[in-house]
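S.K.: 3D, please:
(chains A and B)
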Amino acid sequence: MSQDEAQTTASDVTTSELLGAVKGFLMDSALPALSGRDQFNARVAANVLGIIDREQQLGPELAALDAAAAQQWLPGDPGPGTAPQRLSRALAAREINADSHFFEYLKQRQLLVAAINNPRYASRKVAEEKWRSES
Amino acid sequence: MSPDQLTALLNAELGESLAGKVPGEQVTQLERLSGGANNETWRLMWGSTSLILRRRPFSADSIDQLEGNILGLSLVDEAAVIQLATSTSVPVPEIHAVFDATHPIGEAFLMGFIAGESIPQKWLVDDTYEVARSRLAFQCGEALGRIHSIDCSKLPPNIGPTTLEKRFAAAQKRLHAFGDISPVMQFGLNWLIDHAPSEASCVLLHGDFRTGNLLVDEQGLAGVLDWELTHQGPAAEDLGYLCANVWRFGQLHQPVGGFGEYDDLIAGYGSTAGWAPDLATIRYWEIFAALSWGLVCQTMGALWHSGNGDVERAAVARRRSEAELDILLLIEEWERA
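M.R.: Numbers count the residues shown, from 1 in each chain, chains lettered A, B, ... in the order given. Got it, this is the predicted structure:
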């Protein structure tokens, strides 16, 4: 480490750090001062900040995976809606052959969605062990 | 509605409603219990008696306008079904008063308090409930057998028989109404349609018979709560629902509700019903239950968007990912079996 770097003090605060700071306020200051439903909701709110933080990190990877899937299974004019919506509607119309390759896409997609929304959900550990090795 | 407002409304009403049934003069210690993203649950004291108020915090109008609503019965109908269930030996609370949506209190009913533990994170792991857990799968089977024996001709008219075809159509309608945002849920619905069991005769289902809606004491099953999703359908549906991953609260190795084994549940059911569904059909309904949970989460999101509910309801919308994960895990397991 150079002399200049050693004397530098971090001044930028990333989005993730901001979310962490608000979460710390909710859990350490607000929650003990609240009771009943408000205390319960403060805990929920802190968890919601975790979802936002993880979506910031994993969202681009999920969007890329969905876009690639839409291109593979719905080639041609993309039409209206997001990639997941177009895939869902094509599935509903039975226009996609939901073979093992498509199932593989759904599994990899779901690993990301679960990691964003509820990484502590018990089934996620099972899915991670089964599906990560397959990818 | 604030606790003070609700206390005042209850005081104005309950003197007459509870006269001769529950001694007391006024409401004290009213508190809202945690949990319950759909209906509110309040605990209160009337004299020296603990009572529970279930209340729907939004107007019926806002629900009717929400396409794809799956919030279940009115609380008035729910109370009627609980009263029917008291004719069996299934442990249910006594209903003391019922208020319809036009009442100032809002749509609600007041019931007795049953002692017992409802919080899964406590009774699923605490040593105090070890004996209870060992009995509970059989006891749940017994209770479901008894619920399914209730005479459907006595049900409120809103709780009619249905078919799988209608259920699939309703689920598809909801997926479309909620914006077709989940290819996994659509894949799950397609799979359920393609693997549907043959139609079975309809019985009265509890509809939400699961860990979290059961009261447990040291002897086992002490109370069956939350009848708002009661409907008619095939018996295996209730058994599969109880085994759904999402309602095992992390205890995935215990397929019945996170506490028991399939064989005990099936044996308990057979002891009161005289027959029991096969395991494959029960497992089919586990997948159906996963899809249903995803739809409930989507409903919560839609309700929040319509201005009903707090941060919890918004957050529950994201729990759809649990349902999606289970749909894929269970279908993969089924296909590999």
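
S.K.: Give the buried residues for the one helix or strand residue A:112 maps to.
M.R.: Here residue A:112, judged by DSSP states H and E, is contained in helix A:100-117. Judged by neighbour count using 16 or more other CB atoms under 10 Å in any protein chain shown, the buried positions of helix A:100-117 are A:102, A:105-117. No exception for glycine: its C-beta is placed from N, CA and C like everyone else's.

S.K.: Dump the residues you listed to TSV, plus distance to residue B:308 and pLDDT.
M.R.: Putting the buried residues of helix A:100-117 into TSV (distance: CB to CB, whole Å; pLDDT from 0 to 100) gives the following:
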residue	distance to residue B:308	pLDDT
A:102	36	98
A:105	35	98
A:106	31	98
A:107	34	98
A:108	35	97
A:109	30	97
A:110	29	98
A:111	32	97
A:112	30	97
A:113	25	98
A:114	27	97
A:115	29	97
A:116	25	98
A:117	21	97
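
S.K.: can you tell me which of those are up against chain B?
M.R.: Contacts with chain B within the buried residues of helix A:100-117, as defined by CB under 8 Å from any CB of the partner chain: A:106, A:107, A:109, A:110, A:113, A:114, A:116, A:117.

S.K.: how about the most centrally placed residue in chain B, what does it touch?
M.R.: By CA atoms, centre = their mean, chain B has its centre lying nearest to residue B:208, at 2.8 Å. Neighbouring residues of residue B:208 by CB atoms under 8 Å, 6 or more residues apart in numbering or on different chains: B:72, B:226, B:227, B:228, B:229, B:230, B:241.

S.K.: Tell me the spacing between it and residue B:288.
M.R.: From residue B:208 over to residue B:288 the distance is 14 Å, taken as CB to CB, to the nearest Å.

S.K.: What residues does the stretch 201-337 of chain B have near chain A?
M.R.: Within the stretch 201-337 of chain B, the positions adjacent to chain A are B:245, B:248-252, B:310-312, B:314-315, B:318-322, B:324-326, B:328-329, B:332 by CB under 8 Å from any CB.

S.K.: Inside helices: which ones of these?
M.R.: B:311-312, B:314-315, B:318, B:320-322, B:324-326, B:328-329, B:332 (DSSP state H).

S.K.: what's the distance between the residue most central in space within chain A and residue A:123?
M.R.: In chain A, the C-alpha nearest the mean C-alpha coordinate belongs to residue A:116, at 2.6 Å (CA atoms, centre = their mean). Here the criterion is CB to CB. By it, residue A:116 lies 15 Å from residue A:123.

S.K.: got it, and residue B:109?
M.R.: With distances defined as CB to CB, the gap from residue B:109 to residue A:123 amounts to 35 Å.

S.K.: so residue B:174 sits right up against residue B:297, yeah?
M.R.: No: between residue B:174 and residue B:297 there is no contact under CB atoms under 8 Å: 11.4 Å.

S.K.: Between these two, point out the one with more neighbours.
M.R.: Neighbour tally, residue B:174 and residue B:297, criterion other CB atoms under 10 Å in any protein chain shown: the higher count belongs to residue B:297, 27 against 20.

S.K.: burial count for the closest residue in space to the more buried one that isn't next to it in sequence?
M.R.: Nearest in space to residue B:297, with sequence neighbours left out and distances taken as CB to CB, 6 or more residues apart in numbering or on different chains, is residue B:320 at 4.0 Å. Other residues within reach of residue B:320, judged by other CB under 10 Å, total 25.

S.K.: next one: residue B:94
M.R.: Burial of residue B:94, expressed as a neighbour count using other CB under 10 Å, amounts to 15.

S.K.: phi, psi of the closest residue in space to it that isn't next to it in sequence?
M.R.: Nearest non-adjacent residue to residue B:94, counting by CB to CB, 6+ apart: residue B:112, 4.2 Å away. Residue B:112 has phi and psi values of phi -70, psi 160 when expressed as degrees, to the nearest 10.

S.K.: List the contacts of residue B:318.
M.R.: A:51, A:117, A:118, B:297.

S.K.: mind checking the SS state of residue 51?
M.R.: Answering for chain A, as no chain was given. Following DSSP: H, G, I helix; E, B strand; the rest coil, residue A:51 is assigned to helix.

S.K.: wait, chain B
M.R.: Note that with three-state DSSP, the state of residue B:51 is strand.

S.K.: Where in the chain is the helix or strand with the lowest mean pLDDT?
M.R.: Unless you meant another one, I'm taking chain A. Within chain A, judged by mean pLDDT, DSSP states H and E, the helix or strand with the poorest mean is helix A:3-6; its value is a mean of 60.

S.K.: not what I meant, chain B
M.R.: Across helices and strands of chain B (mean pLDDT, DSSP H and E), lowest is helix B:60-64: a mean of 46.

S.K.: to the chain's geometric centre, what's the distance from the following helix or strand past it?
M.R.: From helix B:60-64 onward toward the C-terminus, using DSSP H and E, the following helix or strand is helix B:75-85. Relative to the mean C-alpha coordinate of its chain, helix B:75-85 is positioned 13 Å out (CA atoms, centre = their mean, to the nearest Å).
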